[in-house]
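S.K.: give me a model of this one.
(one chain, ligands or ions: 2)
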Amino acid sequence: MARLRVLLPLPLAGAYDYRVPAGRDVPPAGSFVVVPLSGRQLYGVVWDGEADPDLPERRLRDIVEVLPVPPMTASLRRFVEWVAAYTLSPPGAVLRMAMSSPSALEPPAQKAGWRLAAAGRRAAQGQGQGEGRLTEARRRVLDAMEPGEVYTAATLAAEAGVSAGVVRGMAGAGLLEPALLPAGAEFPRPNPAHPGPTLGTEQGQVAAALREATAARAFGVTLLTGVTGSGKTEVYLEAVAECLEQGRQALVLLPEIALSTQWLERFERRFGGPPALWHSELGSRLRRDTWRAVAEGRAPVLVGARSALFLPFPDLGLIIVDEEHETAFKQEEGVIYHARDMAVVRARLAGAACVLVSATPSLETLTNAGTGRYAALHLPVRHGGASLPEVAVIDQRRTPPERGRFLSPPLVEAVRETLAAGQQAMLFLNRRGYAPLTLCRSCGHRMRCPNCTAWLVEHRVRRTLQCHHCGHAEPIPETCPECAAEGSLTPLGPGVERVQEEAALLFPDARRLVMASDTIPGPAAAAEAARAIQEREVDLIIGTQIVAKGWHFPHLTLVGVVDADLGLAGGDLRAAERTVQLLHQVAGRAGRAEAPGRVLLQSWSPEHPVLEALVSGDLDAFMEAEAESRRPGHWPPFGRLAALIVSAEDEREADRAARDLGLTAPQAEGVEVLGPAPAPLALLRGRHRRRLLLKARRDVAVQPLLREWLSRAGVPAGVRVQVDIDPVSFL
Ligand code: ADP
Ligand code: ZN
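M.R.: Ligands and ions are numbered 1, 2, ... in the order given. From the prediction side, this is the model:
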């Protein structure tokens, strides 16, 4: 009897061996199957390679069933293995991400419905004998029906405007006959021939190059850069059109799909219909239908969050990573991976073109373009002759805000002028809530999270203090929990809610809108906000980093950054790079149409290179300097990093395990291990955390080193060691 290997979506070391029952066909590699495992039945995938011939027959169990879904392609199987090896995760844990909708593997349930019977068709044409007796209601039902189409009784009744009883009566009279509705949801096919916008000369050239790269039907990476508002989206949609014409599937990754309503509108304008969507807020039914439609090749274009990389595209021809510099592409839990980097791998394994898009690309990607590994295309000017906004710093030391306020006089004046001119203004502060810290004025006690090394953030609208790391929330106490002083708790520093309060005092007539993750919780709220701003129902937008995302607001001409120094304080490897990217993106929201834009950055250190780069607009020079500062120490992208995060509920256990790891650290040429040290978030969700950082030269393969290290050190039960290859967060 044949044996084969089945990989299960569980964190096991590898595939398990199973037997094909006698007389049954051996399913090819990639087939989805049902197999028994310790008394349960599980879905798995027939994996490549030989089963162990020496395993005794009695230890083998039979495959129960082969599921009626297209088998997982070899390229996706190789991708699962690649990601597992790179991130040091069990392959089954990665497979789990590629089987994220188990119900999609089951044969879709077919619903019963009705279609025209022969007698009904004759009656509809006025030929039947029953013609004379056809009531007005029955007539309407027949008019609503296309021959051959199947309808549920409910939709038919609704479309014809009759009661369900009429439909039942017609079935009884033989005018309708029962039929099964087609299984699975229908997905629209975006039409590449649908006329899109007329591209400008440079746009046209770049689009042609992208089309060529896609038509090559081979792996290659292209970096598409261009100033904010230059039309990068319109241009890369041409690559999507080419991919459709090639008959292959296209995947577009967006960092915050829930905020992408404007993007979707543009997609529909270009292709006459929507793409399929994939993100965490998709309901389970739509998830199932989408997964299945992708597997069956019925969803030619899919737009999604990072997890969409693991969907079962049968013939992927193009992957676009929009805003490739975004840290949202890094998954920080479970299998820790960077979707931008894994997109390149997926494209290579699928023989697809990959396009990385950004106005402010990451140093990693710029370096790859610099060495010629990636092709590079650039759009130098804004579409429609719009100019780039003028950026200036407001030196807080010279013109500080009033006591207890956060907006300095020049910024207040600029907002006033903008509003008076009938234009829109935006105030940006990357901090949710009212105040980041609550302090007792009598004893100095600071309100902190019981589970994390973090201050509690006041959310005044909800009257709570919240931890932004673990979700802990408590009502704002009347008295200090430490010294019991009454009314002594004072908010320190601003969040967007507090800026909004100040704006309400300063500009009482302006219609204000706060855009933060708690006020814009999902796609519907984002769409409504975008509509209200576009239709000028809003004068002043106050927002966190969600306002930096790709929005196009033609009437917005002023952007004020309340605290341009904020991101620089943390001081990790990429603090400066990230601050430049974020503030340049926010600035890029201003003046995108006829009226020129203006950007004011409030800062206490205007001479900082980050602020100088933003004012001069010369980001290339800034990134070059950034590269030169990282090169000598072999910091990424000129060297490799891997973080080990050791955590345990017991503090001493965490310390001991971290110390043991430190003592057994690999010693090799070009490798250095820093730590252990308490993580900045030394306590997170009740677990004590310690960090070690392995830094290696680029030519060192860190995975084998890490694997050996971890097996040598041995991790006691109760202690968890997370491996973060190419860490983005150092918390
Ligand atoms: P970017 O992604 O580079 O910031 P977008 O693609 O968002 O730029 O383009 C900015 C705005 O200009 C969008 O509203 C877009 O629809 C519009 N636009 C860009 N190119 C064209 C064009 N060739 N014809 C019409 N509108 C365009
Ligand atoms: Zn917490």
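
S.K.: say whether ligand 2 is contacted by the longest strand along the chain.
M.R.: The longest strand of the chain (DSSP state E) is strand 671-684. No: Strand 671-684 lies out of reach of ligand 2 by C-beta under 5 Å from the ion, never closer than 7.2 Å. Placement of C-beta: from N, CA and C, glycine included.

S.K.: contacts for that strand next, please.
M.R.: 451-454, 469-470, 645-647, 655, 658-659, 661-662, 665-666, 688-697, 700, 702, 705, 730-731 (C-beta atoms under 8 Å, 6 or more residues apart in numbering).

S.K.: let's see that strand as PDB, backbone CA atoms only.
M.R.: Only the C-alpha atoms of strand 671-684 are listed here, as PDB (Å, rounded to 0.1, in the frame of the first residue of the first chain):
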ATOM      1  CA  VAL A 671      29.000  37.500  14.700                       C
ATOM      2  CA  GLU A 672      28.300  39.500  17.800                       C
ATOM      3  CA  VAL A 673      25.700  38.900  20.500                       C
ATOM      4  CA  LEU A 674      24.400  41.900  22.500                       C
ATOM      5  CA  GLY A 675      22.600  41.300  25.800                       C
ATOM      6  CA  PRO A 676      20.700  39.900  27.500                       C
ATOM      7  CA  ALA A 677      19.100  43.100  28.700                       C
ATOM      8  CA  PRO A 678      15.600  43.800  29.900                       C
ATOM      9  CA  ALA A 679      13.400  44.700  27.000                       C
ATOM     10  CA  PRO A 680      12.200  48.300  26.900                       C
ATOM     11  CA  LEU A 681       8.800  46.700  27.400                       C
ATOM     12  CA  ALA A 682      10.200  44.600  30.300                       C
ATOM     13  CA  LEU A 683       6.800  43.500  31.300                       C
ATOM     14  CA  LEU A 684       4.100  42.800  28.600                       C
END
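
S.K.: that one pairs with which strands, and in what direction?
M.R.: strand 687-697 (antiparallel) (DSSP bridges).

S.K.: buried set for the partner strand?
M.R.: Neighbour counts over strand 687-697 (16 or more other C-beta atoms under 10 Å) mark 687, 688, 689, 690, 691, 692, 693, 694, 695, 696 as buried.

S.K.: and the second one, what does it touch?
M.R.: If a contact means C-beta under 8 Å, 6+ apart, then residue 688 has 647, 648, 649, 650, 651, 654, 655, 682 as its contacts.

S.K.: the second one and residue 689: what is the separation?
M.R.: Same thing as residue 648. Distance from residue 648 to residue 689, counting by C-beta to C-beta, to the nearest Å: 9 Å.

S.K.: what do these two both touch?
M.R.: Contacts common to residue 648 and residue 689, judged by C-beta under 8 Å, 6+ apart, are residue 654.

S.K.: ok, which of the buried residues of strand 687-697 also contact ligand 1?
M.R.: Among the buried residues of strand 687-697, proximity to ligand 1 is found for none (C-beta under 6 Å from any ligand atom).

S.K.: tell me the helix or strand right after the host helix or strand of residue 210.
M.R.: If you go by DSSP states H and E, residue 210 is part of helix 201-215. Counting by DSSP H and E, the next helix or strand C-terminal to helix 201-215 is strand 220-226.

S.K.: which strand residues bridge the residue nearest to residue 41 when sequence neighbours are not counted?
M.R.: Computed as C-beta to C-beta, 6 or more residues apart in numbering, the closest residue to residue 41 that is not its neighbour in sequence is residue 34, at 5.4 Å. Counting by DSSP bridges, residue 34 forms beta bridges with residue 43, residue 65.

S.K.: distance of residue 34 from residue 692?
M.R.: Residue 34 sits 42 Å away from residue 692, going by C-beta to C-beta.

S.K.: what does residue 388 give?
M.R.: Applying C-beta to C-beta to residue 388 and residue 692 gives a distance of 44 Å.

S.K.: what of residue 64?
M.R.: Residue 64 is 44 Å from residue 692, by C-beta to C-beta.

S.K.: which residues touch the closest residue in space to residue 698 that isn't next to it in sequence?
M.R.: Using C-beta to C-beta, 6+ apart and skipping residues adjacent in sequence, the residue nearest residue 698 is residue 639, 5.7 Å away. By C-beta under 8 Å, 6+ apart, the residues touching residue 639 are 633, 695, 696, 697, 698.

S.K.: in which helix or strand would I find residue 122?
M.R.: helix 118-124.

S.K.: other SSEs contacting the helix or strand that that helix is followed by?
M.R.: Next along the chain after helix 118-124, taking DSSP H and E as the criterion, comes helix 136-144. Applying 3 or more C-beta pairs under 8 Å, 6 or more residues apart in numbering; DSSP states H and E, one finds that helix 136-144 makes contact with helix 118-124, helix 153-160, helix 164-172.

S.K.: most packed of those?
M.R.: Mean neighbours per residue, mean count of other C-beta atoms under 10 Å, is largest over the helices and strands packed on helix 136-144 for helix 118-124, with a mean of 19.

S.K.: pull that helix out as CSV, backbone CA atoms only.
M.R.: Coordinates of each C-alpha in helix 118-124 appear next as CSV, following Å, rounded to 0.1, in the frame of the first residue of the first chain:
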residue,chain,number,x,y,z
ALA,A,118,-40.8,24.8,-19.9
ALA,A,119,-44.4,25.9,-19.2
GLY,A,120,-43.1,29.1,-17.6
ARG,A,121,-40.9,29.9,-20.6
ARG,A,122,-44.0,29.5,-22.9
ALA,A,123,-46.1,31.5,-20.6
ALA,A,124,-43.5,34.3,-20.5
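
S.K.: quick one: average confidence on it?
M.R.: For helix 118-124, mean pLDDT is 86.

S.K.: which parts of the stretch 351-500 of the chain sit against ligand 1?
M.R.: residue 383.

S.K.: who in the stretch 351-500 of the chain is up against ligand 2?
M.R.: Residues of the stretch 351-500 of the chain found near ligand 2 (C-beta under 5 Å from the ion) are 449, 451, 452, 467, 469, 470, 472.

S.K.: quick one on the thing from earlier: ligand 1: which of the helices and strands packed on helix 136-144 is closest?
M.R.: Of all the helices and strands packed on helix 136-144, it is helix 153-160 that lies closest to ligand 1, at 35.4 Å by C-beta to the nearest ligand atom.
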